[in-house]
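this one's structure only:
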């Protein structure tokens, strides 16, 4: 690697952007499922609007006072050491291999760790709300507090799973280019192999189907809204309004989940196609630095090995060609430099 690193892509980690991604995932999961499910349960149990407003304020306060600080602190303290290491690596022409490997491992493991942790934060937030309800903060809920508790834990688990999936996918896509830049500076890291947890494409598709099923199951709230509409005909327009909002949110979530899944699959394929064009143009030194934890990882490793072998063969052929050229050049020079035997006979001239 040349000592001049000024022309290379900058190694920087924007902590504020990652925190915003975390908060966006959290807000999206709650908007798509947390709030509609909670509202549907409250409507099904015929709670007055005042009690529903208190419940919304309670969970909004927990979100602002617990979830946001917990998520922001987790992201900051987990990634701040990585950001400092990236700065050191970016300012060093030849960074130590162990430092690069440690940084790569931390970046690779971060989406999985934070996805699981944030899922637990969501479940804790809903459980904390149930605890306050048990204290009698909203008296209207006390007669059916056990039902409320069961529904709260279930909704918290659903929101946690959805948020975990969204977080892992979005953060992985966000860190992908940074990881590729880092590994391109130290290809030995990729050749030695990364300790990535395997996540086959079939399992990814299964997870996507399960999450879609969760979205579909939430449509069962249609029954709740239908019961309310049947028992209170005057609330029929309101029930249909909530039904429309619910179906729109479910449809939006399915589209988002499918888009994220396809992007995680299509992005490496685009990289492979671009790499293939470079190889066909004769650039055998091109390498794939895309990181995946599915079957494409084996394909990428095989392609890199193939490119390395082709480059070695071309270099070997070029070296042999140079040797042969030297031999032929020497033979040609020797023939032209041979003295005429007639020159050595006394009295003879070259023209005789």
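Alright, I've got the coordinates. What you see is a predicted model, and the numbers here were worked out from it, not measured in a lab.

please count neighbours and contacts with C-alpha atoms only from this point.
Will do.

with adjacent residues omitted, what lies nearest to residue 303?
For residue 303, ignoring the flanking residues on the chain, the nearest one in space by Cα to Cα, 6 or more residues apart in numbering is residue 288 at 7.9 Å.

actually residue 279, sorry about that
The shortest distance from residue 279 to any non-neighbouring residue, by Cα to Cα, 6+ apart, is to residue 286 (7.0 Å).

for that neighbour, helix, strand, or coil?
Per DSSP: H, G, I helix; E, B strand; the rest coil, the secondary structure class of residue 286 is coil.

returning to that earlier point: so the residue nearest to residue 303 sits right up against residue 275, yeah?
Yes: Residue 288 lies in contact with residue 275 (Cα atoms under 8 Å); the separation is 6.8 Å.

who's more crowded, those two?
Counted by other Cα atoms under 10 Å, residue 288 and residue 275 do not tie: residue 288 has more neighbours, with 21 against 18.

quick one, what contacts the residue nearest to residue 303?
Applying Cα atoms under 8 Å, 6 or more residues apart in numbering, we find residue 288 in contact with 271, 272, 275, 300, 303, 304.

now do the phi/psi pair for residue 102.
Here is the backbone geometry of residue 102 (degrees, to the nearest 10): phi -60, psi -40.

could you measure from it over to residue 169?
Going from residue 102 to residue 169 by Cα to Cα, to the nearest Å gives 22 Å.

circling back to that earlier point, how near is the residue nearest to residue 279 to residue 177?
Here residue 286 is placed at a distance of 17 Å from residue 177 (Cα to Cα).

repeat that for residue 37.
From residue 37 over to residue 177 the distance is 37 Å, taken as Cα to Cα.

shouldn't residue 140 be in contact with residue 49?
No: with contact defined as Cα under 8 Å, residue 140 does not count as touching residue 49 (10.7 Å).

neighbour count winner among residue 37 and residue 177?
More crowded of residue 37 and residue 177, by other Cα under 10 Å: residue 37, with 23 against 15.

pull out the buried residues from the strand or helix carrying that one.
Taking DSSP states H and E as the criterion, residue 37 maps to helix 35-44. Neighbour-count burial for helix 35-44, counted by 16 or more other Cα atoms under 10 Å, picks out 36, 37, 38, 39, 40, 41, 42, 43, 44.

what's the pLDDT at residue 309?
Residue 309 carries a pLDDT value of 83.

with the one 3 residues further on instead?
pLDDT for residue 312: 82.

ok, it to residue 306 distance?
The spacing between residue 312 and residue 306, counted by Cα to Cα, is 10 Å.

what of residue 109?
Taking Cα to Cα, one finds residue 109 at 28 Å from residue 306.

likewise residue 61?
Distance, residue 61 to residue 306, by Cα to Cα: 57 Å.

quick one, what contacts the closest residue to residue 103 other than its chain neighbours?
Take residue 103 and drop its neighbours on the chain: the residue closest to it by Cα to Cα, 6+ apart is residue 82, 6.2 Å away. Applying Cα under 8 Å, 6+ apart to residue 82 gives the contacts 103, 106, 107.

give me the number of residues near the nearest residue to residue 13 once chain neighbours are set aside?
The spatially closest residue to residue 13, leaving aside those adjacent along the chain, is residue 83, at 5.5 Å (Cα to Cα, 6+ apart). Residues within reach of residue 83, counting by other Cα under 10 Å, total 19.

element containing residue 83, please.
Under the criterion of DSSP H and E, residue 83 resides in helix 68-90.

give me the pLDDT for residue 221.
The model reports residue 221 with a pLDDT of 57.

now do residue 61
Looking at residue 61, its pLDDT stands at 90.

that one sits in which helix or strand?
Secondary structure assigned from DSSP H and E places residue 61 in helix 49-62.

which helices and strands sit right next to that helix?
helix 97-134 (3 or more Cα pairs under 8 Å, 6 or more residues apart in numbering; DSSP states H and E).
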